[in-house]
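Asks: I would like the atomic coordinates for the input below:
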Amino acid sequence: MTDDGTAATAAATGTLGYEQARDELIEVVRRLEAGGTTLEESLALWERGEELAKVCRHWLEGARARLDAALARPQSGGDDEG
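Replies: Okay, here's the model as predicted:
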């Protein structure tokens, strides 16, 4: 009901791993889809979901950048020495 922890959870969002953020986001979506919450609770859930989606996006973009960098590196085989 009260959402005094919003600032604290927003600050803590940056420390979440991808899987944690994804799992919490799934739970937020389930709660929103189930209904039965007040308008204020629904808005708080929506805002939390937006924060979690940003965390997931950040992790995925980082993973994509790492993959792109790895693919751009010249392949080094063991045959170069010799």
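Asks: tell me the centre residue of the chain?
Replies: Nearest residue to the geometric centre of the chain (Cα atoms, centre = their mean): Cys56, 2.2 Å.
Asks: and Ala65, how close does it get to Val29?
Replies: Ala65 sits at a distance of 27 Å from Val29 (criterion: Cβ to Cβ, to the nearest Å). Bear in mind the C-beta positions are built from the backbone N, C-alpha and C, glycine included.
Asks: of these two, who's got more company?
Replies: A count of neighbours by other Cβ atoms under 10 Å puts Val29 above the other of Ala65 and Val29, at 15 against 10.
Asks: quick one on the thing from earlier: quick one, what contacts the residue nearest to the centre of the chain?
Replies: Tyr18, Ala21, Arg22, Leu25 (Cβ atoms under 8 Å, 6 or more residues apart in numbering).
Asks: mind checking how far the first one is from His58?
Replies: Using Cβ to Cβ, one gets 9 Å for the distance from Tyr18 to His58.
Asks: and for Glu19?
Replies: Distance from Glu19 to His58, by Cβ to Cβ: 14 Å.
Asks: of these two, which one has the most company?
Replies: Just comparing Glu19 and His58: by other Cβ under 10 Å the higher neighbour count belongs to His58, 15 against 10.
Asks: any idea which element Gln20 lies in?
Replies: helix 18-34 (DSSP states H and E).
Asks: find me the pLDDT at the residue nearest to the centre of the chain, would you?
Replies: pLDDT, Cys56: 97.
Asks: quick check: buried residues in the particular helix or strand that has it in it?
Replies: Take DSSP H and E as the rule and Cys56 turns out to sit in helix 39-72. Neighbour-count burial for helix 39-72, counted by 16 or more other Cβ atoms under 10 Å, picks out Ala44, Leu45, Arg48, Gly49, Glu51, Leu52, Val55, Cys56, Trp59.
Asks: now that helix: how far from the chain's centre is it?
Replies: Distance of helix 39-72 from its chain centroid, counting by Cα atoms, centre = their mean, to the nearest Å, is 4 Å.
Asks: start the count at 778, not 1, going forward
Replies: Right, with 778 as the first residue, what we last looked at is helix 816-849.
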